[in-house]
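> following is a predicted model, sequence given first.
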Amino acid sequence: MSGSALPMTVPAAGLPARVRVHEVGARDGLQNEGTTVPTAVKAEFAHRLAAAGLDTVEATSFVRPEWVPQLADAEELYPLLADLARAGVRLPVLVPNARGLERALALGADRVAVFASATESFAKANLNRTVDESLAVFAPVVERAKEAGCHVRGYLSMCFGDPWEGAVPVERVVRVARALLGMGCDELSLGDTIGVATPGHVTELLSALNTAGVRTDRIGVHFHDTYGQALSNTLAALQHGVTTVDASAGGLGGCPFAKSATGNLATEDLVWMLRGLGIETGVDLDALVTTSRWMAGHLGRPSPSRTVRALGPA
Ligand code: MG
């Protein structure tokens with residue numbers, strides 16, 4: 001198959017009419033690639049993603065440059081995206097702490113994300129804090145971001161399993177999720193950081209969150225395809241009413257801090273399924289595939305996305 005093949009559209013009952021794809025390739029993707037991409041290439045990447053119809057393009061991370069050298073150019077990159085912001089493209093940025101938030105605000109960022117863990121082991125490994133210590137760090141960051149008028153997303157990692165602790169009880173995820181919303185986060189992104197979730201587990205966690213008072217419209221899902229379950233899990237989330245799905249163009253990135261993690265759900269694979277179900281995304285699949293091939297050239301390796309590979313020569 002090649003060129004502009006698209007799946008036949010056959011709607012299924014009980015699914016949303018439209019899904020917002022939260023594109024994470026430029027941040028979560030590139031921060032986990034071995035090759036550091038020049039700033040101008042990142043800027044072109046964001047522009048190409050937006051031109052392909054993605055209205056939410058997570059742009060970069062204001063972490064300390066020595067922690068994530070791949071994204072050390074956040075200060076240089078963000079201003080190169082000003083035309084996209086003016087055009088209404090959402091450009092969230094990750095802020096790990098108060099200093100990162102101030103750097104982002106100084107550049108005019110109006111959508112930020114904080115990154116919490118559902119498990120103690122990952123909080124320790126990734127943030128060097130306990131879960132409660134990390135929440136105590138985020139609370140004033142979220143408060144300040146809200147005061148500054150920002151939309152705040154709360155990433156919650158290890159929602160389904162942890163490489164050190166194994167299975168993660170849903171009650172633990174619910175506790176941290178409620179804490180993030182309680183401090184003012186507008187939206188949660190439930191991360192399956194090591195890709196071990198299966199559809200029933202997804203439904204169980206979403207139901208537990210609802211029971212605890214968390215509305216489904218506050219929840220996004222962030223699946224990894226480590227065990228080939230990302231789309232199955234996405235479908236379970238859609239059946240539960242979730243309408244925000246994180247994905248990474250071309251399947252860029254994984255997580256260097258999590259043992260055995262492989263890539264994010266590829267945006268192309270997601271869009272292929274949604275297109276087949278007749279669910280609107282606004283994304284031009286051909287333009288996106290072309291963009292991911294172009295980025296794969298810069299990274300020096302083919303895209304792991306099944307759809308990118310199926311749609312023609314690399
Ligand atoms: Mg990810």
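Good, I have the coordinates.
> residue 302 - how many residues pack around it?
Look at residue 302: counted by other CB atoms under 10 Å, it has 14 neighbours. Quick note: C-beta positions are derived from backbone N, CA and C, even for glycine.
> and the contacts of the lengthiest helix in the chain?
Longest helix in the chain, counting residues (DSSP state H): helix 131-147. With CB atoms under 8 Å, 6 or more residues apart in numbering as the test, helix 131-147 has contacts from 95, 97-98, 101, 105, 112, 114, 116-120, 123, 127, 129, 152, 154, 176, 179-180, 183-185.
> so how do I select the buried members of those in PyMOL?
Buried subset of those, written as a PyMOL selection, criterion 16 or more other CB atoms under 10 Å:
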select buried, resi 95+97+101+105+112+114+116+117+118+119+120+123+127+129+152+154+176+179+180+183+184+185
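> which of the contacts of helix 131-147 fall within strands?
Among those, the ones falling in strands (DSSP state E) are 112, 114, 116, 117, 152, 154.
> what sits against the last one?
This points to residue 154. So residue 154 contacts 113, 114, 116, 138, 142, 177, 180, 181, 185, 187, 188, 189 (CB under 8 Å, 6+ apart).
> so what pLDDT did it get?
pLDDT, residue 154: 98.
> count of neighbours near the closest residue to residue 178 other than its chain neighbours?
Closest residue to residue 178 apart from its sequence neighbours, by CB to CB, 6 or more residues apart in numbering: residue 212 at 5.9 Å. Residue 212 has 15 neighbouring residues, counting by other CB under 10 Å.
> tell me the spacing between the residue of the stretch 151-300 of the chain found nearest the ion and residue 30.
Closest contact between the stretch 151-300 of the chain and the ion, by CB to the ion, is at residue 264 (4.3 Å). Distance of residue 264 to residue 30, given as CB to CB, to the nearest Å: 11 Å.
> and for residue 168?
According to CB to CB, residue 168 stands 27 Å off from residue 30.
> likewise for residue 306?
For residue 306, the distance to residue 30 equals 21 Å [CB to CB].
> so which of these two has more stuff around it?
residue 30 (26 against 16).
> burial measure for the closest residue to residue 199 other than its chain neighbours, as a count.
The spatial neighbour of residue 199 that comes closest, neighbours along the chain excluded (CB to CB, 6+ apart), is residue 236 at 3.7 Å. The number of residues packed near residue 236 is 23, by other CB under 10 Å.
> next up, phi/psi of residue 236, please.
Per-residue torsions, residue 236: phi -60, psi -40 (degrees, to the nearest 10).
> let me see the contact set for it.
199, 200, 202, 203.
> which of those are buried? Put it as a ChimeraX command.
Selecting only the buried entries of the contacts of residue 236 in ChimeraX, with 16+ other CB under 10 Å as the criterion:
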select :199,202
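> quick one: which of the contacts of residue 236 sit in helices?
Per DSSP H, the contacts of residue 236 map to helices at 199, 200, 202, 203.
> is it correct that residue 295 is in contact with residue 250?
Yes: the criterion here is CB atoms under 8 Å, and residue 295 meets it with residue 250 at 5.9 Å.
> between these two, which one's more packed in?
Using other CB under 10 Å as the criterion, residue 295 and residue 250 rank with residue 250 on top: 29 against 25.
> so what's that one closest to, chain neighbours aside?
Per CB to CB, 6+ apart, closest to residue 250 is residue 292, 3.1 Å.
> from the stretch 1-150 of the chain, which residue is nearest to the ion?
Closest point on the stretch 1-150 of the chain to the ion, by CB to the ion, is residue 28, at 4.3 Å.
> can you report phi and psi for that residue?
Torsion angles, degrees, to the nearest 10, at residue 28: phi -60, psi -40.
> next, count neighbours for the residue lying closest to residue 229 once chain neighbours are set aside.
Among residues not flanking residue 229 along the chain, residue 198 sits closest, at 5.8 Å (CB to CB, 6+ apart). Other residues within reach of residue 198, judged by other CB under 10 Å, total 14.
> list the contacts of residue 198.
229, 232, 233.
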